[in-house]
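A.B. asks: Curious how this folds, go ahead:
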Amino acid sequence: MKLRYNSHNRSSPLEIWISSEDDFPGPLGMTSIGFFVDNDALVKCAAVNFFKGYEGRRIMAKTRNIMEQIQARLPRSQRQHIIELYDTGNALRFNEEILIMELSIETFHDRLYKRIDSYKNDQEMQNIIQQLTLPIMELHQVAIHMKITPSNYMYVSVNDEQILKIKNFESAKIIDSGDKNESYLFEIDAVDSFTSFNSEYMGPENYAEKKEISTKFDIWSLGMIIIEIHIDQLRFAEGKNSLNEATRRVYLREIGYLYQGFERNPTLDSIGLNKNEEIFNNSAWIKQYHKAISIVLQLWRNFPKTAHLVTNLLHNLRELRLTARGILDYLDGLCYPEEIKQTKNAKELRIFKTMDIGEFKRQLTKKMRANRLNLWRTENREMMSKYSQMRSTLKEIIKSQQQTINWTDKQSAGICEKQ
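C.D. replies: Residues are numbered from 1 along each chain as shown. Model (predicted):
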(Lines give C-alpha, C1' and ligand atoms only; values in the text may rest on other atoms or scores of the structure.)
Protein backbone atom coordinates (compact mmCIF):
# COMPACT_ATOMS: atom_id res chain seq x y z
CA MET A 1 0.00 0.00 0.00
CA LYS A 2 1.10 3.57 -0.67
CA LEU A 3 1.89 5.77 2.34
CA ARG A 4 2.06 9.55 1.97
CA TYR A 5 3.94 11.50 4.60
CA ASN A 6 5.22 14.99 5.32
CA SER A 7 8.98 14.78 5.66
CA HIS A 8 10.67 16.72 8.45
CA ASN A 9 13.59 17.34 6.11
CA ARG A 10 11.85 18.23 2.81
CA SER A 11 9.12 20.67 1.93
CA SER A 12 6.72 18.60 -0.22
CA PRO A 13 4.80 15.44 0.81
CA LEU A 14 6.56 12.21 -0.13
CA GLU A 15 5.47 8.64 -0.77
CA ILE A 16 6.75 5.25 0.34
CA TRP A 17 5.23 1.83 -0.31
CA ILE A 18 4.67 -0.33 2.75
CA SER A 19 3.75 -4.01 2.74
CA SER A 20 1.13 -3.79 5.49
CA GLU A 21 -0.24 -1.52 8.17
CA ASP A 22 0.84 -3.86 10.95
CA ASP A 23 3.68 -6.19 9.90
CA PHE A 24 5.20 -5.99 13.37
CA PRO A 25 2.89 -4.43 15.98
CA GLY A 26 4.53 -2.94 19.08
CA PRO A 27 3.52 -1.08 22.25
CA LEU A 28 4.33 2.34 20.77
CA GLY A 29 3.16 1.66 17.21
CA MET A 30 3.74 -0.72 14.35
CA THR A 31 6.73 -1.39 12.12
CA SER A 32 6.20 -2.08 8.42
CA ILE A 33 8.52 -3.09 5.61
CA GLY A 34 8.80 -0.22 3.14
CA PHE A 35 10.12 0.27 -0.38
CA PHE A 36 11.35 3.52 -1.93
CA VAL A 37 13.55 4.80 -4.75
CA ASP A 38 16.75 6.49 -3.56
CA ASN A 39 18.72 9.30 -5.21
CA ASP A 40 20.53 6.80 -7.44
CA ALA A 41 17.20 5.47 -8.79
CA LEU A 42 17.67 2.21 -6.88
CA VAL A 43 14.82 0.52 -5.04
CA LYS A 44 15.64 0.20 -1.36
CA CYS A 45 13.96 -1.72 1.42
CA ALA A 46 13.42 0.04 4.72
CA ALA A 47 11.85 -0.38 8.13
CA VAL A 48 9.05 2.15 8.62
CA ASN A 49 8.53 2.66 12.35
CA PHE A 50 5.29 4.30 13.48
CA PHE A 51 5.03 6.07 16.84
CA LYS A 52 1.72 6.86 18.51
CA GLY A 53 0.73 8.65 21.69
CA TYR A 54 2.75 11.03 23.84
CA GLU A 55 5.40 8.47 24.85
CA GLY A 56 5.84 7.24 21.29
CA ARG A 57 6.31 10.76 19.95
CA ARG A 58 8.76 11.57 22.75
CA ILE A 59 10.90 8.52 21.93
CA MET A 60 10.68 9.26 18.21
CA ALA A 61 11.86 12.86 18.73
CA LYS A 62 14.82 11.80 20.90
CA THR A 63 15.81 9.04 18.45
CA ARG A 64 15.60 11.38 15.48
CA ASN A 65 17.67 14.05 17.23
CA ILE A 66 20.43 11.62 18.21
CA MET A 67 20.59 9.81 14.87
CA GLU A 68 20.68 13.02 12.86
CA GLN A 69 23.58 14.28 14.98
CA ILE A 70 25.45 10.98 14.59
CA GLN A 71 25.01 11.03 10.80
CA ALA A 72 25.97 14.70 10.58
CA ARG A 73 29.18 14.23 12.55
CA LEU A 74 30.32 10.86 11.20
CA PRO A 75 30.92 10.20 7.50
CA ARG A 76 29.32 7.00 6.24
CA SER A 77 32.71 5.23 6.20
CA GLN A 78 32.98 5.73 9.98
CA ARG A 79 29.47 4.48 10.85
CA GLN A 80 29.18 1.26 8.86
CA HIS A 81 27.96 -0.60 11.96
CA ILE A 82 25.32 1.91 13.03
CA ILE A 83 21.76 1.57 11.71
CA GLU A 84 21.10 4.20 9.02
CA LEU A 85 18.28 6.74 9.28
CA TYR A 86 16.78 7.54 5.86
CA ASP A 87 14.04 10.02 6.72
CA THR A 88 11.50 11.09 9.35
CA GLY A 89 8.07 12.63 9.05
CA ASN A 90 4.36 12.53 9.78
CA ALA A 91 2.15 9.89 8.11
CA LEU A 92 -0.86 11.75 6.68
CA ARG A 93 -3.23 8.79 6.80
CA PHE A 94 -2.54 7.76 10.38
CA ASN A 95 -1.36 11.11 11.79
CA GLU A 96 1.54 9.25 13.38
CA GLU A 97 5.22 10.13 13.48
CA ILE A 98 7.44 7.82 11.44
CA LEU A 99 11.12 6.90 11.25
CA ILE A 100 12.28 5.36 7.97
CA MET A 101 15.38 3.32 8.71
CA GLU A 102 17.65 0.65 7.34
CA LEU A 103 15.88 -2.71 7.25
CA SER A 104 17.30 -5.40 9.52
CA ILE A 105 16.93 -9.18 9.35
CA GLU A 106 16.79 -10.13 13.04
CA THR A 107 18.24 -9.14 16.39
CA PHE A 108 21.38 -10.62 17.87
CA HIS A 109 19.20 -11.78 20.79
CA ASP A 110 16.97 -13.81 18.49
CA ARG A 111 19.87 -15.35 16.61
CA LEU A 112 21.74 -16.22 19.79
CA TYR A 113 18.86 -18.21 21.19
CA LYS A 114 18.17 -19.98 17.89
CA ARG A 115 21.73 -21.31 17.61
CA ILE A 116 21.97 -25.06 17.18
CA ASP A 117 25.69 -25.28 17.96
CA SER A 118 27.96 -23.84 20.63
CA TYR A 119 31.02 -21.62 20.70
CA LYS A 120 33.78 -24.16 21.22
CA ASN A 121 36.87 -22.06 21.96
CA ASP A 122 38.27 -18.58 22.49
CA GLN A 123 38.69 -18.02 18.75
CA GLU A 124 34.99 -18.56 18.06
CA MET A 125 34.08 -16.31 20.98
CA GLN A 126 36.56 -13.73 19.71
CA ASN A 127 34.81 -13.49 16.35
CA ILE A 128 31.41 -12.60 17.83
CA ILE A 129 32.95 -10.24 20.43
CA GLN A 130 34.66 -8.33 17.61
CA GLN A 131 31.33 -8.00 15.79
CA LEU A 132 29.69 -6.67 18.96
CA THR A 133 32.54 -4.24 19.66
CA LEU A 134 32.83 -2.58 16.23
CA PRO A 135 29.49 -0.70 16.49
CA ILE A 136 30.44 0.56 19.96
CA MET A 137 33.83 1.78 18.75
CA GLU A 138 32.18 3.73 15.92
CA LEU A 139 29.48 5.17 18.16
CA HIS A 140 31.90 6.25 20.90
CA GLN A 141 33.41 8.76 18.51
CA VAL A 142 30.33 10.92 19.09
CA ALA A 143 27.95 9.33 21.62
CA ILE A 144 27.28 6.95 24.50
CA HIS A 145 24.50 4.48 23.74
CA MET A 146 23.39 3.82 27.36
CA LYS A 147 21.29 0.79 26.47
CA ILE A 148 23.60 -1.86 25.00
CA THR A 149 21.66 -5.15 25.03
CA PRO A 150 21.46 -8.17 22.69
CA SER A 151 18.10 -6.90 21.38
CA ASN A 152 19.63 -3.60 20.29
CA TYR A 153 22.03 -5.26 17.86
CA MET A 154 20.54 -6.04 14.45
CA TYR A 155 21.76 -8.11 11.52
CA VAL A 156 21.59 -6.12 8.28
CA SER A 157 22.21 -7.46 4.78
CA VAL A 158 24.90 -5.37 3.02
CA ASN A 159 26.16 -6.56 -0.37
CA ASP A 160 25.07 -10.12 0.41
CA GLU A 161 26.91 -10.04 3.74
CA GLN A 162 25.17 -9.97 7.13
CA ILE A 163 26.60 -7.21 9.30
CA LEU A 164 25.84 -6.60 12.97
CA LYS A 165 24.71 -3.02 13.58
CA ILE A 166 23.51 -1.13 16.63
CA LYS A 167 20.11 0.58 16.91
CA ASN A 168 17.70 2.28 19.37
CA PHE A 169 19.23 5.58 20.40
CA GLU A 170 16.46 7.12 22.51
CA SER A 171 18.60 6.85 25.67
CA ALA A 172 21.89 7.92 24.05
CA LYS A 173 23.99 10.92 25.10
CA ILE A 174 25.90 12.95 22.53
CA ILE A 175 29.53 13.70 23.41
CA ASP A 176 30.55 17.31 22.91
CA SER A 177 32.55 17.60 19.69
CA GLY A 178 35.42 19.23 21.58
CA ASP A 179 35.84 16.33 24.03
CA LYS A 180 37.53 13.26 22.57
CA ASN A 181 38.34 11.61 25.90
CA GLU A 182 36.86 8.14 26.45
CA SER A 183 36.11 9.14 30.04
CA TYR A 184 33.77 11.97 29.10
CA LEU A 185 31.25 12.13 31.95
CA PHE A 186 27.55 12.78 32.24
CA GLU A 187 25.62 13.08 35.46
CA ILE A 188 22.23 11.41 35.04
CA ASP A 189 18.99 11.72 36.90
CA ALA A 190 18.22 8.79 39.24
CA VAL A 191 14.66 8.34 37.95
CA ASP A 192 15.80 8.51 34.32
CA SER A 193 18.51 5.92 34.93
CA PHE A 194 16.25 3.29 36.44
CA THR A 195 13.38 3.75 34.01
CA SER A 196 15.50 3.86 30.85
CA PHE A 197 18.08 1.13 31.30
CA ASN A 198 18.07 -2.67 31.55
CA SER A 199 19.24 -3.54 35.06
CA GLU A 200 21.05 -6.74 34.00
CA TYR A 201 23.42 -4.69 31.85
CA MET A 202 23.99 -1.67 34.12
CA GLY A 203 27.42 -0.93 35.57
CA PRO A 204 28.09 -0.09 39.23
CA GLU A 205 28.49 3.63 38.53
CA ASN A 206 24.74 3.82 38.00
CA TYR A 207 24.30 2.83 41.65
CA ALA A 208 26.67 5.43 43.06
CA GLU A 209 25.25 8.48 44.80
CA LYS A 210 26.81 10.70 42.13
CA LYS A 211 25.81 8.97 38.90
CA GLU A 212 28.64 9.83 36.53
CA ILE A 213 28.23 7.99 33.25
CA SER A 214 30.88 7.70 30.55
CA THR A 215 31.53 5.56 27.49
CA LYS A 216 32.66 2.88 29.96
CA PHE A 217 28.98 2.38 30.86
CA ASP A 218 28.56 0.76 27.42
CA ILE A 219 31.72 -1.29 27.96
CA TRP A 220 30.26 -2.86 31.13
CA SER A 221 27.09 -3.71 29.18
CA LEU A 222 29.21 -5.43 26.52
CA GLY A 223 30.88 -7.49 29.24
CA MET A 224 27.47 -8.67 30.46
CA ILE A 225 26.46 -9.63 26.90
CA ILE A 226 29.58 -11.81 26.66
CA ILE A 227 28.55 -13.44 29.95
CA GLU A 228 25.08 -14.00 28.46
CA ILE A 229 26.60 -15.70 25.40
CA HIS A 230 28.54 -17.98 27.75
CA ILE A 231 25.47 -18.78 29.85
CA ASP A 232 23.54 -19.82 26.77
CA GLN A 233 26.33 -21.92 25.29
CA LEU A 234 26.49 -24.00 28.50
CA ARG A 235 23.19 -25.61 27.48
CA PHE A 236 24.90 -27.44 24.62
CA ALA A 237 27.08 -29.43 27.01
CA GLU A 238 23.97 -30.65 28.81
CA GLY A 239 21.78 -31.14 25.74
CA LYS A 240 19.19 -28.67 26.97
CA ASN A 241 17.16 -25.93 25.38
CA SER A 242 17.89 -22.28 26.18
CA LEU A 243 17.17 -21.14 29.71
CA ASN A 244 13.85 -19.44 30.16
CA GLU A 245 13.96 -15.65 30.33
CA ALA A 246 13.39 -15.43 34.09
CA THR A 247 16.19 -17.87 34.97
CA ARG A 248 18.59 -16.22 32.54
CA ARG A 249 17.95 -12.81 34.09
CA VAL A 250 18.57 -14.21 37.59
CA TYR A 251 21.95 -15.60 36.48
CA LEU A 252 22.91 -12.31 34.81
CA ARG A 253 21.97 -10.28 37.88
CA GLU A 254 23.85 -12.58 40.26
CA ILE A 255 26.98 -12.60 38.11
CA GLY A 256 26.75 -8.81 37.93
CA TYR A 257 26.60 -8.72 41.73
CA LEU A 258 29.83 -10.73 41.96
CA TYR A 259 31.71 -8.22 39.82
CA GLN A 260 30.08 -5.18 41.44
CA GLY A 261 30.49 -6.55 44.95
CA PHE A 262 26.98 -5.62 46.07
CA GLU A 263 23.36 -6.46 45.42
CA ARG A 264 21.13 -3.96 43.66
CA ASN A 265 18.42 -2.56 45.85
CA PRO A 266 14.90 -3.27 44.52
CA THR A 267 13.60 -0.23 46.44
CA LEU A 268 15.79 2.01 44.21
CA ASP A 269 17.19 4.22 46.97
CA SER A 270 19.53 7.09 46.11
CA ILE A 271 22.68 5.01 46.48
CA GLY A 272 21.43 1.78 44.98
CA LEU A 273 23.13 -0.57 47.45
CA ASN A 274 21.40 -3.40 49.22
CA LYS A 275 20.29 -2.35 52.70
CA ASN A 276 22.44 -5.19 54.07
CA GLU A 277 26.23 -5.43 53.82
CA GLU A 278 28.22 -5.89 50.64
CA ILE A 279 28.08 -9.51 49.55
CA PHE A 280 31.71 -10.47 50.29
CA ASN A 281 31.23 -9.49 53.94
CA ASN A 282 28.52 -12.13 54.22
CA SER A 283 30.02 -15.50 55.22
CA ALA A 284 27.34 -17.30 53.19
CA TRP A 285 28.12 -15.57 49.89
CA ILE A 286 29.73 -18.62 48.23
CA LYS A 287 26.72 -20.76 49.06
CA GLN A 288 24.26 -18.04 48.02
CA TYR A 289 25.94 -17.45 44.65
CA HIS A 290 27.30 -20.94 43.94
CA LYS A 291 25.48 -21.25 40.59
CA ALA A 292 26.76 -17.89 39.36
CA ILE A 293 30.28 -18.70 40.62
CA SER A 294 30.25 -22.03 38.77
CA ILE A 295 29.30 -20.27 35.52
CA VAL A 296 32.23 -17.85 35.90
CA LEU A 297 34.65 -20.69 36.72
CA GLN A 298 33.58 -22.55 33.58
CA LEU A 299 34.30 -19.40 31.57
CA TRP A 300 37.82 -19.29 33.02
CA ARG A 301 38.41 -22.99 32.35
CA ASN A 302 37.01 -23.19 28.81
CA PHE A 303 37.57 -19.65 27.48
CA PRO A 304 40.57 -18.22 29.38
CA LYS A 305 41.33 -15.35 27.01
CA THR A 306 37.66 -14.33 27.03
CA ALA A 307 37.61 -14.60 30.85
CA HIS A 308 40.49 -12.12 31.14
CA LEU A 309 38.62 -9.72 28.89
CA VAL A 310 35.31 -10.05 30.75
CA THR A 311 37.05 -9.51 34.10
CA ASN A 312 38.39 -6.22 32.76
CA LEU A 313 35.15 -5.07 31.12
CA LEU A 314 33.30 -5.74 34.38
CA HIS A 315 35.85 -3.88 36.51
CA ASN A 316 34.10 -1.96 39.29
CA LEU A 317 36.37 1.02 38.51
CA ARG A 318 35.28 2.35 35.14
CA GLU A 319 38.62 4.07 34.50
CA LEU A 320 40.33 0.67 34.27
CA ARG A 321 37.95 -0.84 31.72
CA LEU A 322 39.33 -1.01 28.19
CA THR A 323 38.01 1.21 25.45
CA ALA A 324 36.37 -0.40 22.43
CA ARG A 325 39.64 0.11 20.54
CA GLY A 326 41.51 -1.54 23.40
CA ILE A 327 39.18 -4.55 23.26
CA LEU A 328 39.82 -5.08 19.55
CA ASP A 329 43.59 -4.74 20.03
CA TYR A 330 43.50 -7.30 22.87
CA LEU A 331 41.56 -9.76 20.73
CA ASP A 332 44.13 -9.30 17.96
CA GLY A 333 46.96 -10.08 20.40
CA LEU A 334 48.46 -6.59 20.17
CA CYS A 335 48.22 -5.76 23.87
CA TYR A 336 47.25 -6.90 27.38
CA PRO A 337 45.15 -5.17 30.04
CA GLU A 338 47.58 -3.53 32.45
CA GLU A 339 46.78 -5.73 35.45
CA ILE A 340 47.35 -8.93 33.42
CA LYS A 341 50.64 -7.69 31.99
CA GLN A 342 51.99 -7.11 35.49
CA THR A 343 50.85 -10.46 36.98
CA LYS A 344 53.43 -13.22 37.58
CA ASN A 345 51.43 -15.51 39.87
CA ALA A 346 48.11 -16.96 38.67
CA LYS A 347 46.66 -16.70 42.16
CA GLU A 348 47.02 -12.91 41.93
CA LEU A 349 44.65 -12.70 38.95
CA ARG A 350 41.47 -10.85 39.85
CA ILE A 351 38.26 -12.87 39.59
CA PHE A 352 35.47 -10.85 41.33
CA LYS A 353 35.56 -7.10 42.02
CA THR A 354 38.90 -6.71 43.88
CA MET A 355 39.10 -10.37 44.98
CA ASP A 356 41.88 -12.42 43.39
CA ILE A 357 41.85 -16.15 42.67
CA GLY A 358 44.06 -16.93 45.66
CA GLU A 359 41.73 -15.18 48.11
CA PHE A 360 38.71 -16.90 46.59
CA LYS A 361 40.43 -20.28 46.98
CA ARG A 362 41.17 -19.51 50.65
CA GLN A 363 37.56 -18.54 51.33
CA LEU A 364 36.28 -21.62 49.51
CA THR A 365 38.58 -23.90 51.54
CA LYS A 366 37.44 -22.25 54.77
CA LYS A 367 33.81 -22.75 53.73
CA MET A 368 34.41 -26.45 53.01
CA ARG A 369 36.02 -27.00 56.42
CA ALA A 370 33.07 -25.39 58.20
CA ASN A 371 30.64 -27.39 56.09
CA ARG A 372 32.22 -30.73 57.11
CA LEU A 373 31.14 -30.14 60.70
CA ASN A 374 27.49 -30.48 59.70
CA LEU A 375 27.49 -33.17 57.04
CA TRP A 376 24.61 -34.89 58.79
CA ARG A 377 22.42 -32.30 57.08
CA THR A 378 21.33 -33.29 53.56
CA GLU A 379 21.71 -29.70 52.36
CA ASN A 380 25.32 -29.57 53.57
CA ARG A 381 26.19 -32.86 51.87
CA GLU A 382 24.80 -31.52 48.60
CA MET A 383 26.73 -28.26 48.98
CA MET A 384 29.94 -30.15 49.80
CA SER A 385 29.71 -31.83 46.40
CA LYS A 386 29.30 -28.44 44.71
CA TYR A 387 32.19 -26.93 46.69
CA SER A 388 34.43 -29.87 45.76
CA GLN A 389 33.63 -29.36 42.09
CA MET A 390 34.42 -25.65 42.42
CA ARG A 391 37.77 -26.41 44.04
CA SER A 392 38.65 -28.96 41.37
CA THR A 393 37.84 -26.47 38.61
CA LEU A 394 39.78 -23.75 40.42
CA LYS A 395 42.89 -25.96 40.57
CA GLU A 396 42.64 -26.53 36.82
CA ILE A 397 42.35 -22.79 36.23
CA ILE A 398 45.33 -21.91 38.43
CA LYS A 399 47.53 -24.54 36.75
CA SER A 400 46.52 -23.48 33.24
CA GLN A 401 46.87 -19.77 33.96
CA GLN A 402 50.30 -20.22 35.55
CA GLN A 403 51.51 -22.09 32.48
CA THR A 404 50.19 -19.31 30.26
CA ILE A 405 51.91 -16.67 32.41
CA ASN A 406 55.22 -18.58 32.24
CA TRP A 407 55.06 -19.18 28.49
CA THR A 408 53.68 -15.87 27.25
CA ASP A 409 56.05 -13.17 26.06
CA LYS A 410 54.23 -10.10 27.33
CA GLN A 411 57.15 -7.80 26.63
CA SER A 412 56.43 -7.81 22.90
CA ALA A 413 52.89 -6.47 23.43
CA GLY A 414 51.81 -3.14 24.85
CA ILE A 415 49.17 -2.16 27.39
CA CYS A 416 45.65 -1.99 25.98
CA GLU A 417 43.99 1.40 25.64
CA LYS A 418 41.72 2.41 28.52
CA GLN A 419 41.51 6.18 27.94
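A.B. asks: Can you name every helix or strand that the longest strand anywhere in the chain contacts?
C.D. replies: Longest strand of the chain, by residue count under DSSP state E: strand 43-51. Packing contacts for strand 43-51, counted by 3 or more Cβ pairs under 8 Å, 6 or more residues apart in numbering; DSSP states H and E, involve strand 13-18, strand 31-37, helix 53-73, strand 85-91, strand 96-102. For every residue, glycine as well, the C-beta is placed using N, CA and C.
A.B. asks: swap the cut-off to 7 Å and go again
C.D. replies: strand 31-37, helix 53-73, strand 96-102 (3 or more Cβ pairs under 7 Å, 6 or more residues apart in numbering; DSSP states H and E).
A.B. asks: what's the closest of those to S221?
C.D. replies: Closest to S221 of these is helix 53-73 (Cβ to Cβ; 17.1 Å).
A.B. asks: re earlier: now the longest strand of the chain against strand 13-18, angle please.
C.D. replies: Strand 43-51 runs at 100 degrees relative to strand 13-18, counting by axes from the mean of the first three to the mean of the last three Cα atoms, to 10 degrees.
A.B. asks: what pLDDT, on average, does strand 43-51 get?
C.D. replies: For strand 43-51, the mean pLDDT works out to 86.
A.B. asks: partner strands of it, parallel or antiparallel?
C.D. replies: Looking at strand 43-51 with DSSP bridges, its partner strands are strand 31-37 (antiparallel), strand 96-102 (antiparallel).
A.B. asks: Mind telling me what element the closest residue to N374 other than its chain neighbours is part of?
C.D. replies: Leaving aside its sequence neighbours, N374 sits nearest to N380 (Cβ to Cβ, 6 or more residues apart in numbering; 4.8 Å). For N380, the element it lies in under DSSP states H and E is helix 378-407.
A.B. asks: Which helix or strand lies directly C-terminal to that helix?
C.D. replies: That would be, after helix 378-407 and using DSSP H and E, strand 414-415.
A.B. asks: hey, where'd the helices end up in the stretch 151-300 of the chain?
C.D. replies: According to DSSP state H, counting those that start in this stretch, the stretch 151-300 of the chain carries its helices in the segments 190-196, 216-238, 245-260, 285-288, 290-302.
A.B. asks: Show me what stretch 330-350 is in contact with.
C.D. replies: 126, 129-130, 308-309, 311-312, 322, 326, 329, 356-358, 398, 401-402, 405, 410, 413-416 (Cβ atoms under 7 Å, 6 or more residues apart in numbering).
A.B. asks: and these, which are buried?
C.D. replies: The neighbour-count criterion (16 or more other Cβ atoms under 10 Å) marks 126, 129, 308-309, 311-312, 322, 326, 329, 356-358, 398, 401, 405, 415-416 among those as buried.
A.B. asks: tell me the domain ranges of the chain?
C.D. replies: For the chain, automatic domain parsing gives the domain ranges 2-103, 107-415.
A.B. asks: What average pLDDT does the last one get?
C.D. replies: pLDDT averaged over domain 107-415 equals 86, rounded to a whole number.
A.B. asks: Name the nearest residue to K216, ignoring sequence neighbours.
C.D. replies: Using Cβ to Cβ, 6+ apart and skipping residues adjacent in sequence, the residue nearest K216 is R318, 3.8 Å away.
A.B. asks: what residues are up against that neighbour?
C.D. replies: Contacts for R318 (Cβ under 7 Å, 6+ apart) come out as G203, E205, S214, K216.
A.B. asks: Tell me how far it lies from K173.
C.D. replies: 15 Å (Cβ to Cβ, to the nearest Å).
A.B. asks: Fine by me, we can end here.
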